[in-house]
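> sharing a model that was predicted from the sequence below.
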Amino acid sequence: MGILDIAVAVGLVAMLLRAGIRRGLTPGSLLLALLFGGLGLWRGLGPGPGWLLWPTAGLLVVTAVDFFLAARLNARMPRTDPAEVKAQLLADCRSDEGRQRLTLAVAPGGAVLMDGVWRNTVRRDVVMPVGGCPVCLVEEVTAELAGPDANALATYRRDRAAGTNRLVVLSRVEDTWEAAVEPVRASSRPFRPVGCPVHS
């Protein structure tokens, strides 16, 4: 077993651990999985040790499952106008029976995740904004509810500019809303909308 086989084995194990800890594919992780999978197949079936086929098969199966689950989720995700989503969120948050807590995040693929807590209900909604910027949507809702000078909004913008994605957590306190920023558990790389002059 040579240095290349050791490097392939370490890469395969690292990619399998990453797949177990951080669910969801990014373009970079998909490329790495295919690279190490290809190297593992080449070395396992050819001049390298045959046991490389087992972690290679595991990695390729996990990658394929992640890819098809992500594609299925993306196909089912509702496509909506950002202005419509914003109007619905603000109307719900401002009603007496509306949300008591709202968590907003932009996923690496551009979808907006909205966790809502009402008095008796907890629900997660995921939408794909069409014709607008998902980051602008999160910032505009935060500014409308917590105020344009909220510290959390400034922190969110600063962290995104530095390359780290964040969750915005809005909580109703009597008749006002407070905003906080929390870390993202999945990929912390921020989504870069192509057509937005502010966030691209």
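Received, thanks.
> which non-adjacent residue is nearest the residue nearest the centre of the chain?
With distances taken as C-alpha atoms, centre = their mean, A107 lies nearest the centre of the chain, 3.0 Å away. Distances taken as C-beta to C-beta, 6 or more residues apart in numbering place L113 nearest to A107, at 6.0 Å, with adjacent residues excluded. In short, each C-beta sits where N, CA and C put it, glycine included.
> distance of the one you found relative to V126?
Per C-beta to C-beta, to the nearest Å, L113 is found 5 Å from V126.
> and if you look at L69?
From L69 to V126 the distance is 14 Å (C-beta to C-beta).
> between those two, which one's more packed in?
More crowded of L69 and V126, by other C-beta atoms under 10 Å: V126, with 16 against 13.
> secondary structure element for the more buried one?
Assigned by DSSP states H and E, V126 falls within strand 122-129.
> helix or strand right after that strand?
Next element after strand 122-129 (DSSP H and E): helix 134-146.
> who's in contact with that next one?
82, 85-86, 89-90, 93, 102, 104-106, 110-112, 129, 150, 152-153, 156-157, 160, 168, 170, 177-179, 190-191, 193, 196, 198-199 (C-beta atoms under 8 Å, 6 or more residues apart in numbering).
> relative to G147, how far out is E178?
Distance from E178 to G147, by C-beta to C-beta: 10 Å.
> hmm, back to that, quick check: mean pLDDT of the strand holding V126?
Across strand 122-129, pLDDT averages out at 85.
> residues near V184, how many?
Considering only other C-beta under 10 Å, V184 is surrounded by 18 other residues.
> can you give me the helices in the protein?
Secondary structure of the chain (DSSP state H): helices located at 3-21, 27-45, 53-76, 82-94, 134-146, 151-161.
> mean pLDDT added to these, as CSV?
Formatted as CSV, the helices of the chain follow (pLDDT from 0 to 100):
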stretch, mean pLDDT
helix 3-21, 75
helix 27-45, 82
helix 53-76, 80
helix 82-94, 90
helix 134-146, 92
helix 151-161, 91
